[in-house]
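I need the structure of the sequence given here:
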Amino acid sequence: MGQFQFTKTGIEGLVVVEPKVFGDNRGYFMETYNYNDFKAAGLDMVFVQDNQSKSKKGVLRGLHFQKKNPQGKLVRVVSGEVYDVAVDLRRGSDTYGKWYGVLLSAENKKQFYVPEGFAHGFVVMSETAEFVYKCTRFYDPSDEGGLMWNDPEIGIDWPVPENAELLLSEKDQHHQPLKDFESPFTMEG
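Sure, this is the predicted structure:
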């Protein structure tokens, strides 16, 4: 037990998770998830799907969520480095519309738990990055939603140079701003 350090972010439910890494001259070993340790830290969820993506530098994915079947996500990077962001979309939350970001890399081995009721996205900082995440619900393409990645009302401070060329999918270029969004999410779930 106790193979993780759980750090609260100031937004209820968002947690940075740092695994204990056991290394020697052969390499390293770490647990990336342990139900008992997570439950003891107040993160009592069941994961039903694992996903992995690879992206090149400058790719920005997000800000995504599912409307009727929201997913909690435990995210990490196994190769490269990304800046990962979550935005609170839970009506009644004291932090509604607020965001938190964390640098995730293969080197720092940090993970980020993004609960249901949040928009999520990331930008790739290294030449390439492989991004892995566990989900609490199955992906449903008919249930997708999204917010503008650069919505001034949210004000995410993406750590990219001012004139950097970002690569976004067609749909990520056309998401709505927070002011036009009617959140289906509440603090109760």
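
what about the helices in this protein?
With helices called from DSSP state H, the chain shows them at 35-40.

pLDDT below threshold where in the chain?
Residues of the chain that meet the criterion pLDDT under 70 lie in 1, 189.

Could you report the distance from the most far-flung residue of it relative to its centre to Phe38?
Largest separation from the mean C-alpha position in the chain: Asn25, at 32.1 Å (Cα atoms, centre = their mean). From Asn25 across to Phe38, the span is 31 Å (Cβ to Cβ, to the nearest Å). Any C-beta I mention is one placed from the backbone N, CA and C, and that applies to glycine too.

and what of Leu14?
As for Leu14, its distance to Phe38 is 14 Å (criterion: Cβ to Cβ).

related to what we said a few turns ago, show me the contacts for the residue farthest from the centre of the chain.
By Cβ atoms under 8 Å, 6 or more residues apart in numbering, no residues touch Asn25.

Check the one 10 residues further on too.
With contact taken as Cβ under 8 Å, 6+ apart, Tyr35 is in contact with no other residue.

so who does Pro115 touch?
Residues in contact with Pro115 (Cβ under 8 Å, 6+ apart) are 13-14, 45, 72.

Which two among those residues are spaced furthest apart?
Leu14 and Met45 (13.5 Å; Cβ to Cβ).

Tell me which of the two has more neighbours.
Leu14 (22 against 18; other Cβ atoms under 10 Å).

for the more buried one, what are its contacts?
8, 86, 88, 100, 112-115, 118.

Spell out, range by range, the strands that occur in this protein.
Taking DSSP state E to define them, one finds strands in the chain at 4-8, 15-19, 22-24, 27-29, 49-56, 60-66, 73-79, 81-88, 99-105, 111-114, 118-124, 128-135, 144-146.
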